[in-house]
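> pasted the sequence and its predicted model underneath.
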Amino acid sequence: MAPSEPIIEARAVEKFYPQPDGRRIEVIAPTDLAIYPGQIVALLGASGSGKSTLLRMLAGLARPSAGEVLWHNRPLDGQAPDVAIVFQSFALFPWLTVLGNVEAPLKARGESAARRRKRALKILDVVGLDGFETAYPKELSGGMKQRVGFARALVVEPEVLFMDEPFSALDVLTAENLRGELLELWLDRKMPARAIFIVTHNIEEAVLLADRIIVLGRHPAHILTDFQVDLEHPRDRKSGRFVELVDYIYKVLTQPKIEHALPAVGPPHAALAEHHAARYQMLPHARPGGIAGLLELMIDRGGRDDIYHLADELAMEVDDLLPIIEAATLLGFIRLEEGDAEITPEGRAFAAADILTRKLLFKDAALKHVILLRQIERALRAKADRALPDDFFRDILDEHFGEEEAQRQLSTAIHWGRYGEIFDYDAGGGRLFLTEP
Amino acid sequence: MTTPTITNAIFRERAKSRLIDLFIFGATLAIFYLILSIGRTWLGPFTPAAPISRNPSALPAYAAYSLLRIAIAYALSLAFALVYGYVAAYRARAERLMLPLLDVLQSIPVLSFLPGVMLAMVALFPRREIGVEMGAILLIFTGQAWNLAFSFYSSLKGIPRELDEAARINRFSWWQRFTQLELPYSAIGLVWNSMMSVAGGWFFLMACEMFVLGSRDFRLPGLGSYLQTAASAGDTQAILWGLGAMIGVIVMLDQLVWRPLIAWSDKFKFEQVESAVTPRSAALDMLRLSNALAFFQRKAVAPLNERITLFFARRADARSESEPASRWTRWAARALAAIALAGIGYAVVKAILLMAHLSGGEIGELARGAVATFLRVSVALLIGAAWAIPAGVKIGFNPRLARVAQPLAQIAASVPATALFPVVLLVLIQVGGGLGIASVLLLLLGTQWYILFNAIAGAMAIPSDLKEAASVFRFSRADRWRLLILPGIFPHLITGMVTAAGGAWNASIIAEYFHFKGRILSTTGLGATISHATDTGAFDLLLAATVVMAAMVVTINRLVWRRLYRLAETRYKLET
């Protein structure tokens, strides 16, 4: 572990929402996490995995439902930690100029006008924004806006700099450029922060920047692995070790139930999460068209491929690709082995079929493997008029998922059901019904 | 040589800005004088039924009186809206009570507040003119405050999460949060709702400046009372003079206040990219040239704001952030809530006891009136929709027509319908229609514009590729309306109809009961009952009629409009 004492330490923090019937929906399982000085820590996970909530609990913006957050060994509640956040949406005040935005946090700290001006100008110089002091955010490009975001965060000289997906609203080139500059500021110690905590769903970004990576699993959020990155800066995306680490994280994310060993070289430091008891089957939010596209691409590439390569080929974020891979696996169209995906005979047949046959094959696979669709179909068949209100199924799902996720589950199920012509849905009346008697 | 021309240009600019400064200085002086002299009359002894002159030469002074009343009422409304919206948005427990309350308050017609407000104010200042003045101002307030409060509340609720977090993580004091986040974010909504509120003020001016309450006759000098006096006397010339003065004041306000405000508030638009068209105002451009204003801003406003911000920032820094409310404040809040609840409970019991005296005949009158007014409002809405939707769509689809028609319609709409009533009545009575029919027309006068403007906006918002698809597939006329236009304008149309319906209910109290040429014209209806009850001081009937009207409006809102609204938001939303 890191030698010094942690700046921020979370002890068994949890987030859950109590339901009216006394049960709770758990969003974040009890989690321990510490931020040490001198480190860039990356928190990786798919969207909706609770990583942003975790960040907000560490930053003191959200209270954990249970457990506590310590700031220099003292409980956080009641005192404001010395932190700043760079937001995904930039969160600049559009009615303030660049200078006004950067001075605002200093104003809140009661700094005099002259000192405010001096500090703001200095930091604007550091992030390369001199000359833009009087511009309004809407006049700036995305990259420039996020520079203002950096300046506003750094001007208060925070002990920990939090970043919530700071580059994901930017185009690829701008993001790459800004990442490089951030690293430069950090490595050259031009940045006042003693630690950086960055939340991201971009695996390469994490491996490129972080000294330590924590990978988060879903439902509820829990730490899958937590390891030190043993690479020197500047890092080469093409180097063997880089690719190995990216591959490893892919494996952890795609097959969380299997224990993977961190490829040796550095000291292995994988704190593996306990195995989670079997839960209600969860539908990945992928569209049948996306699944077919993935299968076609895999056939083109010989029927078996490394997931990392696939993502690269498709120029997709893991966030977007994961649900498709999960869905194809769930339907029995592909098999996952050691970070590789292999197409099954069923998958091959599905990819090769014409549109009508595809629908039939999809229906067979869905009714065979997807519990929710099977439940819906049986329930509808049991009714004399072959129809049921969607609220009926929403209630069932509510027992297993949060309200929002239950709705998403139902939407995905309806989409799949319509595609496979298993049942149809009348959005106006909110009823599901069988098309054939 | 170029230098002399540049010097010339600078010189001309400077001369222009001097002129503007001089103008601003003069205007400030004039306003000061006006307030002083009006204030003197207000503090003067009470003259119960001041004679209202019908001489046009009295109009400038009357206009000033009315304007000041509306301005003070608006300032009160704004202050109320900020406090009410703030508490409702940030106190979850209060929100549950305050939001439905706002709904009910919005549905109570202005006249129903009249007796309570007036008697209280006159009791407070029995010997001074200011009592009646305050009463009139509070009445105008009751027509202005609610939509402002609702606008501020929903703006606060709509603040994007990350913006809120940026303020919280940077430990903004409440003052900095208010001035740098909350107020700017709600500015545009507040400006538009302010325009609507002040328009509402003009609408009810006639009712608020001159009325009979039981045996007492209240008259305040102003444009509203001038028009009403002219109408009572049947003096067509005076009516036209009064109408002209009112339109003049409204157009002036539009140019000197609202347009500059809209252009200025454009900078608070919450957008990440600059939009192509920005509203402009000549008056605002002039003000921006002024040296005096810039000096004032630099030397007085900015330092003051700086002082206040730093004061609150340092105070917040000194005491810890989320320190729980002390026991005393909690007990005080509880005690206040208990007192308020007890007061409301007492009032409800008293009100029920009062209404228990109603005779069977009066209850029958209420029921008949409710049905009649409901029908009248519905018919007015239908007629309004029948002409305004096709016209609005036609204008909206044709940019060239829109450029001509829209400003004209805006001026027409800005004339308060109440001021037009006497003119319409004059015509109708000559033709030979009774108030039963005339009142529908009067309701229509006030409500059709909301429908028209929203139909125009809706038609303009229909994407042109959809229109092109309709022509490529050769939709028949009926199909075009059924498949493209009506679904396309639906969300806007619902907004327009809701506003129109609310306005129509409120206007019924004036449309169904009218002092004209020395006699009272009235027809069966809830509005007439309310007006009549106010006139005769029959408080039990007034209360009962108000309760019935508020209940009907709230019920219709819940049962019809809110559902249509939800439908508009889900199925008929044009998403990009």
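Structure's in. What do you need?

> just give me the residue right at the centre of chain B.
Most central in chain B under Cα atoms, centre = their mean is residue B:197, positioned 1.5 Å from the mean C-alpha point.

> excluding its backbone neighbours, what's nearest that one?
Among residues not flanking residue B:197 along the chain, residue B:144 sits closest, at 3.9 Å (Cβ to Cβ, 6 or more residues apart in numbering or on different chains). Heads up, the C-betas are built off the backbone N, CA and C, glycines and all.

> quick check on that neighbour: phi, psi?
In terms of degrees, to the nearest 10, the main-chain angles of residue B:144 are phi -110, psi -30.

> list the contacts for it?
Residue B:144 makes contacts with B:73, B:74, B:77, B:197, B:198, B:200, B:201, as judged by Cβ atoms under 8 Å, 6 or more residues apart in numbering or on different chains.

> number of residues surrounding residue A:100?
Neighbours of residue A:100 under the rule other Cβ atoms under 10 Å in any protein chain shown: 18.

> typed the wrong thing, it's residue A:16
As a burial measure, residue A:16 scores 17 neighbours (other Cβ under 10 Å).

> helix, strand or coil for it?
Following DSSP: H, G, I helix; E, B strand; the rest coil, we place residue A:16 in the strand state.

> can I assume it is in contact with residue A:24?
Yes - the criterion here is Cβ atoms under 8 Å, and residue A:16 meets it with residue A:24 at 4.2 Å.

> for chain A, see how far away the residue nearest to the centre of chain B is.
23 Å (Cβ to the nearest Cβ, to the nearest Å).

> go on, residue B:123?
46 Å.

> residues in contact with that residue?
So residue B:123 contacts residue B:131 (Cβ under 8 Å, 6+ apart).

> doesn't it lie inside a helix?
Yes - under three-state DSSP, residue B:123 sits within a helix.

> tell me the spacing between it and residue B:499.
36 Å (Cβ to Cβ, to the nearest Å).

> what's the answer for residue B:571, then?
Counting by Cβ to Cβ, the gap from residue B:571 to residue B:499 is 21 Å.

> who's more crowded, the two?
residue B:499 (18 against 12).

> give me the spatial nearest neighbour of whichever residue of the stretch 301-437 of chain A sits closest to chain B, chain neighbours excluded.
Closest approach between the stretch 301-437 of chain A and chain B, counting by Cβ to the nearest Cβ: residue A:428, at 7.2 Å. Closest residue to residue A:428 apart from its sequence neighbours, by Cβ to Cβ, 6+ apart: residue B:571 at 7.2 Å.

> I'd say that neighbour and residue A:429 touch.
No - counting by Cβ under 8 Å, residue B:571 does not reach residue A:429; the two are 11.9 Å apart.

> ranges for the strands of the stretch 101-250 of chain B?
Counting by DSSP state E, counting those that start in this stretch, the stretch 101-250 of chain B has strands at residues B:210-213, B:216-219.

> contacts for the first one, please.
Looking back up the chat, that one is strand B:210-213. The contact list for strand B:210-213 (Cβ under 8 Å, 6+ apart) reads B:52, B:114-115, B:118-119, B:218-220, B:224-225, B:228-229, B:534-535, B:537.

> what ranges in the stretch 51-200 of chain A fall below the confidence cut-off?
A:77-80 (pLDDT under 70).

> please enumerate the helices of it.
Using DSSP state H, counting those that start in this stretch, the helices found in the stretch 51-200 of chain A span residues A:51-58, A:98-108, A:113-126, A:142-154, A:172-187.

> Serialize those helices to TSV and add fields for distance to residue A:397.
Converted to TSV, these look like this (distance: least, Cβ to Cβ, whole Å):
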stretch	distance to residue A:397
helix A:51-58	21
helix A:98-108	43
helix A:113-126	48
helix A:142-154	37
helix A:172-187	36
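
> is residue A:28 in a helix, a strand, or coil?
Residue A:28 - assigned by three-state DSSP - is strand.

> neighbours around it, how many?
23.

> distance check, the closest residue to residue B:108 other than its chain neighbours against chain A.
Excluding its sequence neighbours, the residue lying closest to residue B:108 (Cβ to Cβ, 6+ apart) is residue B:550, at 5.1 Å. Distance of residue B:550 to chain A, given as Cβ to the nearest Cβ: 32 Å.

> check which helices and strands the helix or strand containing residue B:550 is in contact with.
If you go by DSSP states H and E, residue B:550 is part of helix B:539-556. Packing partners of helix B:539-556 (3 or more Cβ pairs under 8 Å, 6 or more residues apart in numbering or on different chains; DSSP states H and E): helix B:92-107, helix B:110-124, helix B:327-355, helix B:360-397, helix B:486-511, helix B:526-536.

> got these as TSV, with distance to residue A:326 columns?
Formatted as TSV, the helices and strands packed on helix B:539-556 follow (distance: least, Cβ to Cβ, whole Å):
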stretch	distance to residue A:326
helix B:92-107	38
helix B:110-124	61
helix B:327-355	50
helix B:360-397	47
helix B:486-511	37
helix B:526-536	62
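
> which one of these has the most crowded surroundings?
Highest mean neighbour count of those: helix B:526-536, a mean of 25 (counted as mean count of other Cβ atoms under 10 Å in any protein chain shown).

> and residue 183, how many neighbours?
Using chain A here. 17.

> can you look at chain B instead?
Neighbour tally, residue B:183, other Cβ under 10 Å: 16.

> please identify the helix or strand for residue 409.
Looking at chain A here, since you left the chain open. Residue-wise, residue A:409 maps onto helix A:403-419 under DSSP H and E.

> try again with chain B
Element membership for residue B:409, per DSSP H and E: helix B:399-414.

> nearest spatial neighbour of residue A:222, skipping sequence neighbours?
Using Cβ to Cβ, 6+ apart and skipping residues adjacent in sequence, the residue nearest residue A:222 is residue A:29, 4.3 Å away.

> model confidence for that neighbour, exactly?
Here, the pLDDT recorded for residue A:29 equals 86.

> what mean pLDDT would you report for the helix holding residue B:550?
pLDDT averaged over helix B:539-556 gives 84.

> in that helix, what's buried?
Within helix B:539-556, the residues that count as buried by 16 or more other Cβ atoms under 10 Å in any protein chain shown are B:539-550, B:552-554, B:556.

> quickly name whichever of those residues is closest to residue B:160.
Ranked by distance to residue B:160 (Cβ to Cβ), the buried residues of helix B:539-556 are led by residue B:554 at 31.2 Å.

> who's in contact with the residue nearest to the centre of chain B?
Going by Cβ under 8 Å, 6+ apart, residue B:197 touches B:74, B:77, B:143, B:144, B:145, B:147, B:148.

> ok, of those residues, which come out buried?
B:74, B:77, B:143, B:144, B:145, B:147, B:148.

> so of these, which ones are in helices?
Using DSSP state H, the members of those that fall within helices are B:74, B:77, B:143, B:144, B:145, B:147, B:148.

> hmm, back to that, dump the helices and strands packed on helix B:539-556 into CSV; add distance to residue A:195 and mean pLDDT as well.
Converted to CSV, the helices and strands packed on helix B:539-556 look like this (distance: least, Cβ to Cβ, whole Å; pLDDT from 0 to 100):
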stretch, distance to residue A:195, mean pLDDT
helix B:92-107, 35, 82
helix B:110-124, 60, 78
helix B:327-355, 38, 82
helix B:360-397, 56, 88
helix B:486-511, 48, 82
helix B:526-536, 68, 83
